[in-house]
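A.B. asks: Quick check, what structure comes out for this input:
(chains A, B and C)
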Amino acid sequence: MKKATYLPAVAGLALCATSAWAETPVLQVLTYDSFVTEWGPGPAIETAFEAECACDLQFVGAGDGAALLARLQLEGPRTDADIVLGLDTNLTAAARETGLFAPHGINADLDLPIEWTDADFLPFDWGYFAFVGNAGADAPQSLRALADSDAQIVIQDPRSSTPGLGLLMWVKTAYGDDAPALWADLSDNIVTVTSGWSEAYGMFLEGEADAVLSYTTSPAYHLIAEEDDSKVAWAFDEGHYMQVEVAGKVAGTDQPELADKFLAFMVSEGFQSVIPTTNWMYPAVTPEGGLPEGFETLVTPAKSLLLSPEDAAAKRDVALDEWRTALSR
Amino acid sequence: MAHSAVPVTARWPDALAGVLVLVLTLGTLGAVAWRAEWGDGLDPADWSAIGFTVMQALLSAFFSVMLAIPVARALARRQFWGRQLLITLLGAPFLLPVIVAVLGLLAIFGRAGLLNTGLAWLGIAPISIFGLHGVVLAHVFFNMPLAVRFILQGWLSIPAERFRLAASLNVPIWRVLELPMLRAVVPSTFLVIFLLCLTSFAVALTMGGGPRATTVELAIYQAVRFDFDLGRAALLACIQFVLCVLGAVLAWRVTGNDPIGTGLDRVVRRWDLARPGVDYGVIILAAIFLLLPLAMIVLRGLPEFFNMPAAIWAAAFRSVLVALGSALLCVLMALALALRGEMMVSIVGVMPLAASGLVVGTGAFLLVFPFIRPADVALLVTMLVNATLALPFALRALAPAVEQIKQDYGRLALSLDIAKGSWVRLVILPRVRRPLGFAAGLAAALSMGDLGVIALFAGQSEETLPLAMYRLMGAYRMDSAAGAALLLVALSFTLFWICDRWGRADADM
Amino acid sequence: MLTCENLILRQGSFSLRADIAFDPGKAIALIGPSGAGKSTLLAAIAGFLSPVSGRLLWRDADLTDAAPGARPVSMLFQDNNLFPHLSAAQNVGLGLRPDLRLSAPDKASVATALADVGLDGFGDRKPNALSGGQQSRVALARVLVADRPVVLLDEPFAALGPALKDEMLDLVQSKLVAAGKTVIMVTHDPADARRIADMAALVTDGQVSAPVATDVLFNDPPPALKAYLG
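C.D. replies: This is a model prediction of the structure:
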C-alpha cells in the first residue's frame, strides 16, 4: 500500500500533521494475507470506504485464516484491531470463546444458501469447497466415487489450513460415523498433504495430481483472469461443504461507531462488488449488476453442507483423530 | 597472575551476542511458556511425531553426510576449469527457500517431472516421490551441499606436507590422513544436519505424503495456530531442545581431537590420483542432483520474470537490506564469540539450531507486543532473528580459523604488545577474511529466504520477498510467484557469491 | 642484569628449577637435550608461563607478574615469526608501534632496519614472496627497531641451511650483541653456541646450571653434557 513511511522525518511530520488537524480516526482491520495484497480486495475496498468515512482504513495482514485467530489471541484484549475479518465458521466458536468480540448489530439481507443468525459474526463472502481438476478428464461424481477411483489428489492439512479443516468437516458431515471408512479408502488417492492452500494448488498446477482441494469458484480465476477454461470443479452428490467467511467487531475497539459503519459498508455494494474477482468467492450480498461474467459457468452444488460453529468445534477433535488414524496406516 | 596465550579482547561484544542468542532462543520459549495455560501432557500422536522426527532426521543426516564424503573427496583431489564456480554453485540448494526447493525437486522427481517422463518413455512404471524416502531426498538435497562444504574444508585443511610424507612412506593416505580428518569433521557435520532436519516442518509435511510424516515442529505449529495451546507448544519446543542437546552431547563424545595441524598450503600435490574417471563421475552425478532442480526453477521463473508487479521489486529491495543487516550482525556476533572461544560459546552457537522457528517468532511477538506495534519492528526483529539463526553456521566457519590464529600468532602478538583493537584489526580480521566472507554470504542468503518471523510481524509496507512470493501464490498467481522465486534465488545466490568472493579475493594469505 | 631467582616452573608433570643470572650485553646459549626445558625457561622469561615460585628480576625491577608485551624482551620463535598477510615493512613496523599507526620517522626507521639486515627495497613484499633466510632477516629487523635490551631466540633459524644459519647468527652478533643487547639463545648445536655465545648454560634434568664461558664448557664438558654430546 502507499502508506509506507519512507523516512523517520516523514513519520515525524505525519505525526505533527495528525495532532495539528484534530486527527483523522484510524480503523484497523486485522485480516488474512491474501486479502490485503494488491491483487486482493483490500486496495479497492480501502479507497471506497475512505471516500465515505473520513477515516484512515488500515488493513493488517496476519497469515491465513487460522493464523488470524492465533494472532488475535496472542494480542489479547490489548489488540489495536477494531475489526477482525476473514475467520470462517469452523473458527468462530473458538473466536467467540475468547470473549474479545461484540455483537455486530447489522440486519442485512444476505444472499447465502443458508439462513444466517449469528449475532457476533457477519459474513462478507462464501464459497463451496471442491476438488478442482482438469477439464476433459474423468471426474468422479462423489466423495465415495473418488475414494474408489484411481484419481490422485492433493489436500491440505486440517491442522494448519482452513480448506484442510473444511474437507475434514465435509467428510464428517456427509458420512458421520462412516467417515473413518471413507478416509481409509481415500488414503490411496492422496498424493500428499500440504501445510497450506498455496503449496497444494501450486503442485496441482505443476501436474503433481489430478485434482486439488480448493473451491468451486477457483475455475473462475483461470477463466476470467487468465482466459483459461481448462480447470473445472468436481460436483459431488453428497453435497459440498461451505466456507462462510465472516468479520467481527472487537469489543474493546476505540472506534465503535466507525467499526459499525465499516460492518454496514461490508455488506453494501462498494465492498461486495469487489469480492468476486479479487477474493474469488461468492459475495454475501449479490451486487446490483449480478455476478461477473464467467461465474455462471461454475458448478452449483445440489446440496449445501455446513455445521454450526458449535457443532464444528465439538466434532473437530474426533474428526481429526479419525483422519490421522486412517491416513497414518 | 596467569597470562593467557592470546591477546585479551573486550568482553562486552561476546556477552552481548550471548545475551541476544539466549533471549531469542530460551527467552522466546519462556515468553510462550509464561503465557501458556498448562493442560495435559503429550498424547500418543505427539509421541509418534517425536519418533518420526528423530528417525527422518537421523536418516537425512546419515545420507547427506555419506553422499557428501565422496563428492568432497573428488573435489579435493581434482583441479579443473570452473572448479571454484562449481563448488559455489553446489552450495546453492542450502540457500533456497523451502517451498521453492520443493517445487524444483518436484519438477525432477514428481509425477510430471523429468524422471518419470523419462521412465514413461522407457515404458517403466512411474515412481512416487512422496513418503519417508521423499522427505529424506528433499533433506539430502537441502543439506548435502552444507556437508560437502564442511567436509571439503576438512580435506583442504590437511597440509600438503602430510600428503608428501604419506606418499614418501608409502602408507595408505585414506587410513593415515583422511580417516582421522573425517573422524573430526563428520560428527559435527552430522549434528548440524541432524538438528536442521529435526526442526523441519514444511518439507516433512509436503514430501511425507500425509499425517504419518508429522514432525514436532508441525505439532508446535498446530498447537500455536490451530489450538492456541501455548502450553503444548512450549512443551513440544522443550522436547525439541532436549533432542538437540542429546544430539549435541553424542556428537561431542564421538568427535576425536582434531588431528589436523597447520602447514603452508601452497599447491596440494598428491600422489594417489589414479582413476580420475571415478572422481569426475561422482562430481557429475552430484552436480546433476543438485543443479537440475535449480535449473528447473530458473526455467519456470523466466517467462514472468520481467512482468512481475512493482511491489515485488520493492519487497526485494527490503529483503536485500534485511539480509545485509543480518549478515553484518551475524558475523559480528560470531567473531565476538569466536574470539572468546570457550565451552559456553559452543553451546550458545548450537542453541539457535534447536530453536523452533515458530516458537522464536511467537515468543518474540509476545515480548515485543506490549511495548511496540509489531509491524514497526518487523524488519529489525527479522534481522535479529535471522542473524541468530545463521550464527551456528558462521561460528562453524569462523571459530576454528580464529582458534588457529590464536595458536599460531597469539604469543607473537603478546610479545609485540599487540592488544585488543589492534589484534582484531591487524591480525584476526585479515586472516579470517575467507571464512568471514563465507559466513556473511551464508547469513545473508539464509536471511533472504526466511519466512518464519516476518509472516507474524509484517504489515503491508514491511513485506519481504519471500512473503510477497507466498502472497502471490495465495492469490492464484503461480506464474508471478515463480518469477519471484527466481528473483529470490538469484538475489540469495548473488549475495552469497559476492561475500564469498570478497573473502577469497586476497590470494596470498 | 636479568636474574632468575629461585624460579620454579611447571608444565604438566614437568618441572624446571632455575637460579641464574644473565650478564647484560652478552650472548648466552642454553644447551641441552630436547625436552630438558630450554624453551620453557624462555617462555617464562618472555612472560608466557607464570612461575610456581621465585622471581624474575631485570635491573632490580620485579618482572614476575608483568605482561609479555610490557617486558624489556623481544623474542623470536621457532616458526610463525611473521604475519603472512602483512608486508615485510609492516611486520617490522609492529616492533615500533603495535597498532601499526606509523609516523613518517617510524617508517624511516623501518626502512633503515630493513637495510641494516640487507633487505633494502624489500619492504613491500609479503613473507611468502621472500626466501626462508630473508624471512628471518625481516624478523631480526623487527627486533632491531623494537630496541628492547633482552632478546630471546628459541631456535628461530633451525630450519635454515648451515651457511644461512651461520649468516643469521653473525647478523645477531653484529647487530644485537655488539649493540649491547642481552641475547639468550636456545640451541642443541655446540657450533652455534661457539659461534656467537660468550657464555653457555647447560639445561638438563629439570635444572639450569650456572653459565660458564662457552669455550670452557665445551673443552671440559661436565658428565651430563658429555652424555648429550656423545
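A.B. asks: burial measure for residue 202, as a count.
C.D. replies: Reading this off chain A. Residue A:202 has 23 neighbours, counted by other CB atoms under 10 Å in any protein chain shown. Placement of C-beta: from N, CA and C, glycine included.
A.B. asks: not what I meant, chain B
C.D. replies: By other CB under 10 Å, the residues close to residue B:202 number 23.
A.B. asks: Briefly note if the helix or strand harbouring residue B:388 comes near chain A.
C.D. replies: For residue B:388, the enclosing helix or strand under DSSP states H and E is helix B:378-415. No: Helix B:378-415 is not in contact with chain A by CB under 8 Å from any CB of the partner chain; minimum separation 11.1 Å.
A.B. asks: and after that helix, which helix or strand comes next?
C.D. replies: Where DSSP H and E defines the elements, the next helix or strand beyond helix B:378-415 is helix B:420-422.
A.B. asks: Can you name every helix or strand that that following helix contacts?
C.D. replies: Packing partners of helix B:420-422 (3 or more CB pairs under 8 Å, 6 or more residues apart in numbering or on different chains; DSSP states H and E): none among the helices and strands.
A.B. asks: Okay, buried residues for the helix holding residue B:388 please.
C.D. replies: For helix B:378-415, a neighbour-count test (16 or more other CB atoms under 10 Å in any protein chain shown) marks B:378-379, B:381-406, B:408-415 as buried.
A.B. asks: filter those residues down to the ones near chain C?
C.D. replies: B:408-409, B:411-412, B:414-415.
A.B. asks: For the residues you listed, give me JSON lines that also has pLDDT.
C.D. replies: Formatted as JSON lines, these follow (pLDDT from 0 to 100):
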{"residue": "B:408", "pLDDT": "87"}
{"residue": "B:409", "pLDDT": "89"}
{"residue": "B:411", "pLDDT": "88"}
{"residue": "B:412", "pLDDT": "88"}
{"residue": "B:414", "pLDDT": "87"}
{"residue": "B:415", "pLDDT": "86"}
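A.B. asks: right, and residue A:261 touches residue A:53 too?
C.D. replies: Yes: checked against CB atoms under 8 Å, the pair residue A:261 and residue A:53 is within contact range at 6.0 Å.
A.B. asks: Average pLDDT for the helix or strand where residue B:494 lies, rounded please.
C.D. replies: According to DSSP H and E, residue B:494 maps onto helix B:478-504. Averaged over helix B:478-504, pLDDT sits at 89.
A.B. asks: In contact with residue 138, which residues?
C.D. replies: You didn't pick a chain, so chain A it is. Taking CB atoms under 8 Å, 6 or more residues apart in numbering or on different chains, we find residue A:138 in contact with A:149, A:151.
A.B. asks: To clarify, I was referring to chain B.
C.D. replies: By CB under 8 Å, 6+ apart, the contact set of residue B:138 is B:101-102, B:105, B:203, B:207.
A.B. asks: so can I have a markdown table of these showing neighbour count?
C.D. replies: Converted to a markdown table, the contacts of residue B:138 look like this (neighbours: other CB atoms under 10 Å in any protein chain shown):
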| residue | neighbour count |
| --- | --- |
| B:101 | 25 |
| B:102 | 25 |
| B:105 | 26 |
| B:203 | 26 |
| B:207 | 27 |
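A.B. asks: Go through those and name the one nearest residue B:132.
C.D. replies: Checking the contacts of residue B:138 against residue B:132 by CB to CB gives residue B:207 as the nearest, at 8.9 Å.
A.B. asks: quick one, phi psi at that closest one?
C.D. replies: Taking degrees, to the nearest 10, you get phi -90, psi -20 for the backbone angles of residue B:207.
A.B. asks: How about it: what's its closest non-neighbour residue?
C.D. replies: Closest residue in space to residue B:207, ignoring its immediate chain neighbours: residue B:134 at 3.8 Å, by CB to CB, 6 or more residues apart in numbering or on different chains.
A.B. asks: Counting neighbours, what do you get for residue 199?
C.D. replies: I'll assume chain A. Counted with other CB under 10 Å, the neighbours of residue A:199 add up to 26.
A.B. asks: looking at chain C here, not the other one
C.D. replies: 19.
A.B. asks: residue contacts, residue C:145?
C.D. replies: Residues near residue C:145 by CB under 8 Å, 6+ apart: C:92-93, C:95-96, C:109-110, C:113.
A.B. asks: Residue C:6 should be in a strand, yeah?
C.D. replies: Yes: counting by DSSP: H, G, I helix; E, B strand; the rest coil, residue C:6 is located in a strand.
A.B. asks: wouldn't it be in contact with residue C:51 here?
C.D. replies: No: contact criterion CB under 8 Å: residue C:6 and residue C:51 do not qualify, at 9.0 Å.
A.B. asks: out of these two, which sits in the more crowded spot?
C.D. replies: Applying other CB under 10 Å to residue C:6 and residue C:51 shows that residue C:51 carries more neighbours, namely 19 against 11.
A.B. asks: Need the nearest residue in space to that one, chain neighbours excluded.
C.D. replies: Nearest to residue C:51 is residue C:7, by CB to CB, 6+ apart, at 4.9 Å.
A.B. asks: residues in contact with that neighbour?
C.D. replies: C:16-19, C:44, C:51, C:53-56.
A.B. asks: Before we move on, what's the pLDDT of it?
C.D. replies: What the model reports for residue C:7 is a pLDDT of 90.
A.B. asks: My read is that residue C:80 contacts residue B:409, right?
C.D. replies: Yes: with contact defined as CB under 8 Å, residue C:80 and residue B:409 form a contacting pair (5.9 Å).
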